[in-house]
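have a look; sequence and predicted model below, questions after that.
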Amino acid sequence: MAYNLESLVKILEQILHHPDHHKPIWILDPDKKPLLESLLEKARSLRKFFENSSAVSTVDGIRDLERLVGVASQDAEDILESHLTDQILSAPGGKGFTLSPPNLPELNTRLDSAMEDMKKIMSKIRMAKAQDQDPKTVVVGISEDVDKLLDWLTISQDSKALKIIPIVGMGGIGKSTLARHLYDHSFVVSHFDVRAWSTVSQNYNVRKILLGLLGCVIGELTDEMLKEEDDQLGLRLHQNLKGRRYLIVLDDVWDTKPWDDARRYFPDDGNDSRIVVTTRETKVANYTSSVDSHHHMNLLKDDSSWKLLHQKVFAPQETCTPELEEVGKRIANNCRGLPLAINVIGGLLSQAKRSPESWEQIAKDVSSAVADEEQFLNILSLSYNNLPYHLKPCFLYMGAFPENYEIRASRLVKLWAAEGFLKRVSDKSPEEAAEIYLKALVDRNLIYPSTRA
């Protein structure tokens, strides 16, 4: 593919920029020159893309694009070379001739298709990099959270006992971003003797948790360690933490069992060590917390939503016109303060034409634009799949209401009862069962109460 593309660029450059001292001399058909220039521009863009994306060859779709571009480049090269050769051979006495390659519209259409695929892949690459980037650059709207939790982490309390601090909130609200920012904060780095991070996830594995923490504490793991039983790994972790002031982050904890399995390996030496647990489950936060209350993350305010969207779309020194700002603020507000939604929309806007008309088109259907992103759907599907069976129809029923619709809890109770969703709870009235179900969905951050009684 790379050779075909490079060869196509060279022959297009040769045709378009033919040196005067070469014989025979040809003249380009003026109707064909714009098509050839367009073909060259696309070929160069694709060549640059493949040169810069060699390190991310595993991104979905890139192999298919390589094949498509390889075949199209070879076909284009064959057509151009064949036409050029025929014209040279048929030129009388080596005199000049007019060059008018055939099939240029079709070749341009094929590379147009490749360019569209390239843009989609570039968006995937950019989103993947955004997930992996240093969160210190993406802390919009959480400065108050950072200040509060920095105090909890670094200021000594009356008791120097080990403290567990849960960060709880709905999927995509920025729990991991906040935790990572704290973990890398200069105050935290200097305050603790050792830090360790492990992502637990829904389908957790205690061995993976222990290996992740050990890798942070002692560095590279030896082959001997990798062969050890789980309990041996846990004891090794305990020994390396013993007597040291440590910070541990357990990210994305879905249930209490991972905590039960790992907790015994965390020593409490009365030296102000800390553990941060991020979770979307209030049940997990209440179970693990050793402080008076857990830290609940709130949705972003409108001004912070716009600031985050602006950061995602524009380069640091790039300005936004007043016309785009007006549309952009509406788009940001329609994301309802959820950072993940703003990030996804930011990815769309960064690829869109910088015009009010283009942005207005996106603003008309922000919800469907977000829903088309696999990353955003996965968050909802993970939460949904983790629901108990009896809660799933209750959650799906919420889709019957318009977007951003506020419904009174008393009305929702009656609707659920009418659908027969509440009969599965024995010894409870429909109203009592509905309260249990509603609280369960709120605690899982799948629905968000606009007001609390």
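Received, thanks. Predicted model, so just to flag it, every value in this text is computed and none were measured.

residues in contact with the stretch of helix or strand residue 151 belongs to?
Per DSSP states H and E, residue 151 falls inside helix 143-154. Contacts of helix 143-154 with the rest of the structure, by C-beta atoms under 8 Å, 6 or more residues apart in numbering, involve 139, 163, 165, 167, 178, 181-182, 185, 187-188, 191, 247, 274, 276, 291, 295, 297. Bear in mind the C-beta positions are built from the backbone N, C-alpha and C, glycine included.

mind giving me the PyMOL select for these, buried ones only?
Per 16 or more other C-beta atoms under 10 Å, the buried members of the contacts of helix 143-154 correspond to this PyMOL selection:
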select buried, resi 139+163+165+167+178+181+182+185+188+191+247+274+276+295+297
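
now, which of the contacts of helix 143-154 lie within helices?
178, 181, 182, 187, 188, 191 (DSSP state H).

where does the stretch 101-250 of the chain have low pLDDT?
Counting by pLDDT under 70, the stretch 101-250 of the chain contains low-confidence residues at 122-139, 156-158.

I figured residue 211 hits residue 218, correct?
No - counting by C-beta atoms under 8 Å, residue 211 sits too far from residue 218 to count as a contact (10.9 Å).

so for those two, which sits in the more crowded spot?
Taking residue 211 and residue 218 together and counting by other C-beta atoms under 10 Å, residue 211 has the greater number of neighbours (19 against 15).

tell me the buried residues in the helix or strand containing that one?
Residue 211 belongs to helix 206-218 when assigned by DSSP H and E. The neighbour-count check on helix 206-218 (16+ other C-beta under 10 Å) flags 206, 209, 210, 211, 212, 213, 214, 216, 217 as buried.

mind checking how far the helix holding residue 151 is from the chain centre?
25 Å (C-alpha atoms, centre = their mean, to the nearest Å).

also stretch 40-49?
27 Å.

ok, residues contacting that stretch?
When contacts are defined by C-beta under 8 Å, 6+ apart, stretch 40-49 is touched by residues 2, 5-6, 8-9, 12-13, 16, 69, 73, 108, 111-112, 114-115, 118, 122.

what about 6 Å?
With contact meaning C-beta atoms under 6 Å, 6 or more residues apart in numbering, stretch 40-49 is reached by 5, 8, 9, 12, 69, 111, 115, 118.

a markdown table for the residues you listed, including distance to residue 322?
Shown next, in a markdown table, are those (distance: C-beta to C-beta, whole Å):
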| residue | distance to residue 322 |
| --- | --- |
| 5 | 42 |
| 8 | 43 |
| 9 | 41 |
| 12 | 41 |
| 69 | 40 |
| 111 | 37 |
| 115 | 31 |
| 118 | 32 |
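
can you pull the buried residues of the helix or strand containing residue 411?
Assigned by DSSP H and E, residue 411 belongs to helix 409-419. The neighbour-count check on helix 409-419 (16+ other C-beta under 10 Å) flags 412, 413, 416, 417 as buried.

ok, back up a step: what's the helix holding residue 211 packed up against?
The contact analysis (3 or more C-beta pairs under 6 Å, 6 or more residues apart in numbering; DSSP states H and E) places helix 206-218 against strand 194-199, helix 230-241.

now with 8 Å?
strand 194-199, helix 230-241, strand 246-251, helix 257-263 (3 or more C-beta pairs under 8 Å, 6 or more residues apart in numbering; DSSP states H and E).

okay, the angle between that helix and helix 230-241?
Angle between the axes of helix 206-218 and helix 230-241 is 20 degrees (criterion: axes from the mean of the first three to the mean of the last three C-alpha atoms, to 10 degrees).

now the angle from helix 206-218 to strand 246-251?
Angle, helix 206-218 to strand 246-251, by the same axes, to 10 degrees: 140 degrees.

with just CA atoms, put helix 206-218 into CSV.
What follows is helix 206-218, C-alpha atoms only, in CSV (Å, rounded to 0.1, in the frame of the first residue of the first chain):
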residue,chain,number,x,y,z
VAL,A,206,-8.3,-9.9,42.1
ARG,A,207,-5.0,-11.2,40.6
LYS,A,208,-5.1,-8.3,38.1
ILE,A,209,-5.8,-5.8,40.9
LEU,A,210,-2.8,-7.1,42.9
LEU,A,211,-0.4,-7.2,40.0
GLY,A,212,-1.4,-3.7,39.0
LEU,A,213,-0.8,-2.3,42.5
LEU,A,214,2.5,-4.2,42.9
GLY,A,215,3.7,-2.9,39.5
CYS,A,216,3.2,0.6,40.8
VAL,A,217,4.9,-0.1,44.2
ILE,A,218,8.0,-2.0,43.2
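
downstream of it, the next helix or strand is which one?
Of the helices and strands lying after helix 206-218 in sequence (DSSP H and E), the nearest is helix 223-226.

returning to that earlier point: as CSV, the ones in helices among the contacts of helix 143-154 with distance to residue 255 would be great.
What follows is the ones in helices among the contacts of helix 143-154, written out as CSV (distance: C-beta to C-beta, whole Å):
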residue, distance to residue 255
178, 21
181, 25
182, 23
187, 32
188, 27
191, 30
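
which one of those is nearest to residue 50?
Taking C-beta to C-beta as the measure, residue 50 lies nearest residue 181 of the ones in helices among the contacts of helix 143-154, at 34.6 Å.

that closest one touches residue 140, doesn't it?
No - contact criterion C-beta under 8 Å: residue 181 and residue 140 do not qualify, at 11.0 Å.

gap between the nearest residue to residue 422 once chain neighbours are set aside and residue 346?
Excluding the flanking residues, the one nearest residue 422 by C-beta to C-beta, 6 or more residues apart in numbering is residue 433, at 4.2 Å. Distance check for residue 433 against residue 346: by C-beta to C-beta, to the nearest Å, it reads 41 Å.

same question, residue 37
The gap separating residue 37 from residue 346 is 33 Å, by C-beta to C-beta.

more neighbours: which of those two?
Applying other C-beta under 10 Å to residue 37 and residue 346 shows that residue 346 carries more neighbours, namely 25 against 13.

verify the stated contact: the more buried one with residue 309.
Yes - the criterion here is C-beta under 8 Å, and residue 346 meets it with residue 309 at 5.3 Å.

the residue nearest to residue 422: which element?
Assigned by DSSP H and E, residue 433 belongs to helix 430-443.

which helices and strands does that helix pack with?
Short answer (3+ C-beta pairs under 8 Å, 6+ apart): helix 430-443 packs on helix 282-288, helix 392-397, helix 409-419.

CSV for those, including mean pLDDT and distance to residue 314?
Shown next, in CSV, are the helices and strands packed on helix 430-443 (pLDDT from 0 to 100; distance: least, C-beta to C-beta, whole Å):
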stretch, mean pLDDT, distance to residue 314
helix 282-288, 92, 36
helix 392-397, 87, 37
helix 409-419, 85, 41
